[in-house]
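Colleague: Curious how this folds, go ahead:
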Amino acid sequence: MHRFATPRLTLRPCTGADVEALHALWTDAAVRRWLWDDTEIDRATAAEVIAASEASFAARGFGQWCVEARGEAGLIGFAGLREIEAQPEVELLYGLAPGQWGRGLATEASRAVLAHGFQTAGLARIAGRTDTPNRGSARVLERLGMRFEGERIVSGRPTLHYTIEREAFDRASRAAQARIGE
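Modeller: Here you go, the predicted model:
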């Protein structure tokens, strides 16, 4: 199955049972500012996103994971992969409840998702995008070893675009393991 754990987190595929918790996260004012361009989505939109994720898991072996703190009940965020509309790219997505920000958890969850994307789903390259003013998210992408490819306009908003290839991810992972072993 597509469930896995990191030192501090458990990641499991999002399901229809997670609609309420994810809708609450995605409509939090601090989260939706960056994730939904400050639009408060309705519950039906959250359910559609989760249904699309479940279909992606069935077809491609990746989608959206619910992120939970190990040994604790309750969702603290999400991380995942999705195909970018009208482009032949797969994008990394992530978001945490504001009380979890600044602890390295987005990087930890995202690194696990990237590993799944490269090692299990067989992807060769993964993109990451963030609104230009969202420096915290840009730092996450940079810590993951993603390469900045420039600013683009996406849905009328300036967006920073990053990518990472499988080989670069493997090198960055080996380097991180070597630092841990020192």
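Colleague: burial measure for the closest residue in space to Thr27 that isn't next to it in sequence, as a count.
Modeller: Sequence neighbours aside, Glu40 is the residue nearest to Thr27 in space, at 5.2 Å (criterion: Cβ to Cβ, 6 or more residues apart in numbering). Heads up, the C-betas are built off the backbone N, CA and C, glycines and all. Applying other Cβ atoms under 10 Å, we find 12 residues neighbouring Glu40.
Colleague: Name the SS class of Glu40, please.
Modeller: Per DSSP: H, G, I helix; E, B strand; the rest coil, the secondary structure class of Glu40 is coil.
Colleague: ditto for Leu81
Modeller: Assigned by three-state DSSP, the conformation of Leu81 is strand.
Colleague: Compute the distance between it and Ser137, please.
Modeller: Relative to Ser137, Leu81 is positioned 16 Å away (Cβ to Cβ, to the nearest Å).
Colleague: Those two: which has the busier surroundings?
Modeller: Using other Cβ under 10 Å, the more surrounded residue of Leu81 and Ser137 is Leu81, with 26 against 20.
Colleague: Next up, the contacts around the more buried one.
Modeller: By Cβ atoms under 8 Å, 6 or more residues apart in numbering, the residues touching Leu81 are 56, 62-63, 90-93, 113, 116-117, 121, 123, 126.
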